[in-house]
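>>> how would this look folded up:
(one chain, ligands or ions: 2)
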Amino acid sequence: MGQPFQSVNCCPCVIDEDEKAARKVSRKIGREMEKEEKRRRRVVKILLLGTKEAGKSTVLKQMRIIHSKDFEDEESRLPFVDTIRKNVIEATQILLRNMERLGMSPEDDRNRSHNVPVFIKEAVLTMFSTDPVSILALFSSILAIWEDQGIQACFHRRAEFRYDYLNDSSQYFLNRIAAIADPKYVPTEQDVLRARQCTAGVQQYSFDFRGVPFRVMDVGGLRSERRKWIHCFEDVTSVLFVAALSDYDKYLLDKKDNRAVNLLEESLALFKVVISNHCLQTAALILYLNKTDIFADKLMERDLTDHFPDYVGERGNSDPARLFILSKYKDIALSHLESSPGGDIRRALWSSRSQRSQEERLLYTHFTCATDNENIAFATAAVQDHLMQAALKDFHFA
Ligand SMILES: Nc1nc2c(ncn2[C@@H]2O[C@H](COP(=O)(O)OP(=O)(O)OP(=O)(O)O)[C@@H](O)[C@H]2O)c(=O)[nH]1
Ligand SMILES: [Mg+2]
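Numbering: from 1, shown residues only. Ligands and ions are numbered 1, 2, ... in the order given. Sure, this is the predicted structure:
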């Protein structure tokens, strides 16, 4: 008897409670959405751009080390084992190809036998990755080749390896063959930073710095990868352009007109395209002139003047040489400001955004060595600071 009566009396009350709860949830969702929208608008989105092998992904790895302590535990470094072993095999294959091309040969009779170079030249890591015994056999042949005086002589002529260059980490890994061949090999943090894998598509990494969310996007610098860049340009607050100083004596073959293109010239041309892009006119511009370590070593043996005859600074001295290269990027940035409509937008925006000097506001530059933690930690902190200053003055933050 009491049951229906109770339910009739209870019903409006239940609806009321349900409605209240629904309104509460909806208000909460609204607040969350508002918060998310605010956060989305506040995100400092950094786009890493530059030609292939300039060091973009290495800079990203450093950011992950600084902000998330990534690669601290062994587990997170193990996925790099295959990449590093592949780097060693490919470096040896490049050495053998160039040795042949330069008319050189190994000195040790065992390495001169036809079988050894062919065994290495045809090696593909996937053939070996599951079998530690055959990996050891392959790597002991590679070690014997690397220690051969003939190969060492060829390595010292690496500047002549036109278009078929060794990766910048090759020597580092070839000097660690014994450790890398060990079935229990676990890469060190430095090994991870040196590992070379070209980026395909877009890699993203997010972190918070002093309460401000940052999102970093890393793209591939290969010519064929660059057409994908446009998809990342929306909402970009800053472009971090990475250029390898040490590219001044390297060339790529432009297959369209069978022409040798200097890699530093290629980077300068790309920089011009990037800063002229209309989607990026309000973005902060940061330039990392990277690979200062390789650049300094290289200059001792190979003159900048041989590739850039307009360089008149002291030979072998990396200080005036890197300032000369920096001036080439600055000239492009300044001529863009003076001559293009996009330049007006950039000048107007950045003249009020930061306390820094006029020049730094337009193009914020650093000389970097991306494999050096301290150097990158310093540059990254300065860049974040620079972007925070700009962002706080920006109306999104008001
Ligand atoms: N010695 C030295 N090696 C560097 C430096 N920066 C990067 N490298 C090495 O150069 C190689 C290429 O670096 P990545 O970071 O993969 O280059 P990237 O710009 O991401 O190249 P893509 O993905 O092809 O566009 C890696 O083996 C790095 O370890 C540097 O400052 N000094
Ligand atoms: Mg990359």
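
>>> Quick check on the residue lying closest to R196 once chain neighbours are set aside: phi, psi?
Counting by CB to CB, 6 or more residues apart in numbering, R196 lies nearest to N167, which is 4.8 Å off, once chain neighbours are set aside. Glycine gets a C-beta too; all of them are placed from N, C-alpha and C. Main-chain torsions, N167, degrees, to the nearest 10: phi -70, psi 150.

>>> In contact with N167, which residues?
53, 87, 90-91, 196 (CB atoms under 8 Å, 6 or more residues apart in numbering).

>>> For S276, see how far away it is.
Look at N167 and S276: by CB to CB, to the nearest Å, they are 31 Å apart.

>>> ok, back up a step: pLDDT at the residue nearest to R196, what is it?
As predicted, N167 sits at a pLDDT of 95.

>>> related to what we said a few turns ago, out of the contacts of N167, who's nearest ligand 2?
When those are compared for distance to ligand 2 (CB to the ion), E53 wins out at 7.9 Å.

>>> Just give me the neighbour total for the closest one.
24 (other CB atoms under 10 Å).

>>> Using the three-state scheme, assign it.
coil (DSSP: H, G, I helix; E, B strand; the rest coil).

>>> F214: what's it in contact with?
Per CB under 8 Å, 6+ apart, neighbours of F214: 43-46, 206-208, 384, 387.

>>> Please parse this protein into its domains.
Residue ranges for the domains of the chain, per the TED database: 44-71+199-393, 79-185.

>>> Any part of the first one near ligand 1?
The one in question is domain 44-71+199-393. Yes - counting by CB under 6 Å from any ligand atom, ligand 1 has neighbours in domain 44-71+199-393: 50, 52-58, 199, 220-222, 242, 290-291, 293-294, 369-371.

>>> Quick check: the gap between P187 and N87.
Taking CB to CB, one finds P187 at 11 Å from N87.

>>> TSV for the domains of the chain, including distance to R27?
Supplementary listing: these in TSV, determined by distance: least, CB to CB, whole Å:
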stretch	distance to R27
domain 44-71+199-393	24
domain 79-185	44
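
>>> Redo those as JSON lines? Include distance to ligand 2.
Compiled in JSON lines, the domains of the chain are given as follows (distance: least, CB to the ion, whole Å):
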{"stretch": "domain 44-71+199-393", "distance to ligand 2": "3"}
{"stretch": "domain 79-185", "distance to ligand 2": "12"}
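
>>> Show me the strands in the stretch 151-300 of the chain, by range?
202-209, 212-219, 238-244, 251-254, 259-262, 284-290 (DSSP state E, counting those that start in this stretch).

>>> which other helices and strands contact the fourth one?
Think strand 251-254. strand 259-262, helix 263-276 (3 or more CB pairs under 8 Å, 6 or more residues apart in numbering; DSSP states H and E).

>>> highest average neighbour count across those?
helix 263-276 (a mean of 19; mean count of other CB atoms under 10 Å).

>>> residues near I84, how many?
Counted with other CB under 10 Å, residues neighbouring I84 total 23.

>>> That one contacts Y172, correct?
No - contact criterion CB atoms under 8 Å: I84 and Y172 do not qualify, at 10.0 Å.

>>> Can you pull out the low-pLDDT segments for the protein?
By pLDDT under 70, the low-scoring segments of the chain are 1-15, 36-41, 114-115, 117, 125-130, 340-361, 391-398.

>>> How about the contacts made by the residue nearest to the spatial centre of the chain?
Centrality entry for the chain: nearest residue to the mean C-alpha point is K56, 1.2 Å, by CA atoms, centre = their mean. By CB under 8 Å, 6+ apart, K56 lies in contact with 48-50, 199, 218-219, 221, 242.

>>> nearest residue to it other than its sequence neighbours?
L48 is the one closest to K56 (CB to CB, 6+ apart), at 4.2 Å.

>>> Alright, calling it a day.
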